[in-house]
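Visitor: coordinates for the following, if possible.
(4 chains)
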Protein chains: 2
Amino acid sequence: MTEPTPRRAPAGAAVLREDVTEAIRAAVFEELAAVGFARMSIEGIARRAGVGKTAVYRRWKSKLSLVLDLVGAFAAQGLPAPATGSLYGDVRALLEVASHALRHPVASQVIPDLLVEAARNPEIAEAVTAALLDGQQGVVTQIVREAAERGELPEDTDPGRALDLVVGPLYWRLVVVRTPLPPGYVDDLARSAVAALKA
Amino acid sequence: MTEPTPRRAPAGAAVLREDVTEAIRAAVFEELAAVGFARMSIEGIARRAGVGKTAVYRRWKSKLSLVLDLVGAFAAQGLPAPATGSLYGDVRALLEVASHALRHPVASQVIPDLLVEAARNPEIAEAVTAALLDGQQGVVTQIVREAAERGELPEDTDPGRALDLVVGPLYWRLVVVRTPLPPGYVDDLARSAVAALKA
DNA sequence: TCACGACGATACGGTTGCGTTCCGACGTGG
DNA sequence: CCACGTCGGAACGCAACCGTATCGTCGTGA
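Guide: Next comes the predicted model:
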């Protein structure tokens, strides 16, 4: 007489298993990309990760804290500021990194999804701001400051507006319009952004 | 003996009542802004509109067709193209209209929510594109063409990229960053966009 | 005048996810 | 060597919403 139901795989030990934790993390990103934060469920995450619901609840107390934790981990990474020696070079490098990130299929779904959710949930707003916006703002602020020191930009250039001019068009194109970028688009965009900043 | 439960209000006639239809429409926008498309339910709409679920199902067969119908109604309106006689004036007028729309609390929630949903649902994508993006693209295309005729822009200016440069920064600022606009921001942005286009 | 059909209300069975609680299996650290 | 605590799995009661059906009420158009 064989087992009527297939026996489950060997279980863990008296310590949270890191491979299980990692599987959950990965599943959250996939689920977030596939259905969005609003539709995402703990059951769906556990199903996708191939773990029990209990494994999730043992680590996080809710869907929100789970996502906040993951987003926070992103924030800790930080974003390296380019220092190419010219405003155009710096802007172009920043746009290159950003366009690479926003073309990633998971990121291009997750980021706007969380941004929309942030408009309804202050906790998400804070986490996303810290993870994405603050980093970009910091980089742009530094780029502007260095350009001002070189005399490429006026001293009183507003870094906030600079961020809008540099990142706004790319985000609009990649996330809102969602049309493929023609060759040389990022270069053209960097050129346009520099012209806009100097105006 | 009085009524144990309060009797319901007088009911309708053998024709779909327009006031009920309108109440549902309004409730959909409010619900869409409050909880988003993903979380929105027919029951919630009926509750908010103060009507029975049947009144909704009598008009639309699903949440999706309901939203598609409403979005489609927006598309029909069309967007007037400014003709101020100068590229700066036209761009400024367009940004003025757009910033006014995106500052409306309902629109600033509903539009990005539907755009995110559009990335997952082709039907929503088509409706939103027709309702919002095509209109804006058309206006920008005309503005660019007229500016080219005046010699303000090169003949080969790409209208698609022009839309990115004009609308992108404003959308980023109002919908993504969600920071209040300083005085004169739209004027500065129009100036910057014109400089970017000419570069 | 009166049949028709929309109205709100209510109830139905079904589905999904919630958060919790068991369970037996299992491996690690004391 | 063995107690501890995690493992996946299963089931729990609860809540919300689905889409449909059936009420009695009531206004309109023929």
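Visitor: can you list the low-confidence ranges for chain A?
Guide: A:1-12 (pLDDT under 70).
Visitor: element containing A:Ala196, please.
Guide: Here A:Ala196, judged by DSSP states H and E, is contained in helix A:185-198.
Visitor: gap between A:Val166 and B:Ala107?
Guide: 25 Å (CB to CB, to the nearest Å). In short, each C-beta sits where N, CA and C put it, glycine included.
Visitor: quick one, which of the two is more surrounded?
Guide: Ranked by neighbour count (other CB atoms under 10 Å in any protein chain shown), A:Val166 and B:Ala107 place A:Val166 first, with 31 against 16.
Visitor: with adjacent residues omitted, what lies nearest to that one?
Guide: Leaving out its chain neighbours, the residue that sits closest to A:Val166 by CB to CB, 6 or more residues apart in numbering or on different chains is A:Ala193, at 4.7 Å.
Visitor: OK, contacts around that neighbour?
Guide: A:91, A:95, A:165-166, A:169, B:196 (CB atoms under 8 Å, 6 or more residues apart in numbering or on different chains).
Visitor: what's the longest helix in chain A?
Guide: Longest helix of chain A, by residue count under DSSP state H: helix A:18-39.
Visitor: and DNA strand C, is it touching that?
Guide: No: against DNA strand C, helix A:18-39 shows no contacts by CB under 7 Å from any atom of the strand, the least distance being 7.6 Å.
Visitor: tell me what that helix is packed against?
Guide: Contacting helix A:18-39 under the criterion 3 or more CB pairs under 8 Å, 6 or more residues apart in numbering or on different chains; DSSP states H and E are the following elements: helix A:42-49, helix A:53-57, helix A:63-77, helix A:105-118, helix B:18-39.
Visitor: next one: it to chain centre, how far?
Guide: Distance of helix A:18-39 from the chain centroid (CA atoms, centre = their mean, to the nearest Å) equals 14 Å.
Visitor: now stretch A:38-57
Guide: For stretch A:38-57, the distance to the chain centre is 22 Å (CA atoms, centre = their mean).
Visitor: over to stretch A:100-117?
Guide: 6 Å.
Visitor: where does the closest residue to A:Ala93 other than its chain neighbours fall, phi/psi-wise?
Guide: Leaving out its chain neighbours, the residue that sits closest to A:Ala93 by CB to CB, 6+ apart is A:Pro82, at 3.6 Å. Dihedral angles of A:Pro82 (phi, psi; degrees, to the nearest 10) stand at phi -70, psi 150.
Visitor: before we move on, the earlier item: determine which two of the contacts of A:Ala193 are furthest apart.
Guide: Pairwise distances across these peak at 13.2 Å for A:Leu95 and B:Ala196 (criterion: CB to CB).
Visitor: okay, the two: which has more neighbours?
Guide: More crowded of A:Leu95 and B:Ala196, by other CB under 10 Å: B:Ala196, with 28 against 21.
Visitor: ok, A:Ala55 - contacts?
Guide: With CB under 8 Å, 6+ apart, A:Ala55 has these contacts: A:20, A:24, A:46, A:49.
Visitor: relative to A:Leu64, how far out is it?
Guide: 18 Å.
Visitor: for A:Leu70, same thing?
Guide: Counting by CB to CB - A:Leu70 and A:Leu64 are separated by 11 Å.
Visitor: for A:Ile111, same thing?
Guide: From A:Ile111 to A:Leu64 the distance is 17 Å (CB to CB).
Visitor: which of these two has more neighbours?
Guide: Using other CB under 10 Å, the more surrounded residue of A:Ile111 and A:Leu64 is A:Ile111, with 23 against 15.
Visitor: what residues are up against the more buried one?
Guide: A:102, A:132, A:175 are the contacts of A:Ile111 under CB under 8 Å, 6+ apart.
Visitor: show me the domain layout of chain A.
Guide: For chain A, automatic domain parsing gives the domain ranges A:18-59, A:74-198.
Visitor: tabulate the ones you listed in CSV, adding columns for distance to B:Ala148.
Guide: Converted to CSV, these look like this (distance: least, CB to CB, whole Å):
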stretch, distance to B:Ala148
domain A:18-59, 41
domain A:74-198, 17
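Visitor: endpoint to endpoint, stretch A:166-185 covers what distance?
Guide: One end of stretch A:166-185 to the other measures 13 Å (CA to CA, to the nearest Å).
Visitor: now do that stretch: everything it contacts.
Guide: In contact with stretch A:166-185 (CB under 8 Å, 6+ apart) are residues A:91, A:94-95, A:98-99, A:102-103, A:108, A:111-112, A:136, A:140, A:186, A:189, A:192-193, A:197, B:115, B:119, B:133, B:160-161, B:163-165, B:167-173, B:176.
Visitor: selection in PyMOL covering whichever of these are buried, please.
Guide: Filtering these down to the buried ones (16 or more other CB atoms under 10 Å in any protein chain shown) takes a single PyMOL command:
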select buried, (chain A and resi 91+94+95+98+99+102+108+111+112+136+140+186+189+192+193+197) or (chain B and resi 115+119+133+160+161+163+164+165+167+168+169+170+171+172+173+176)
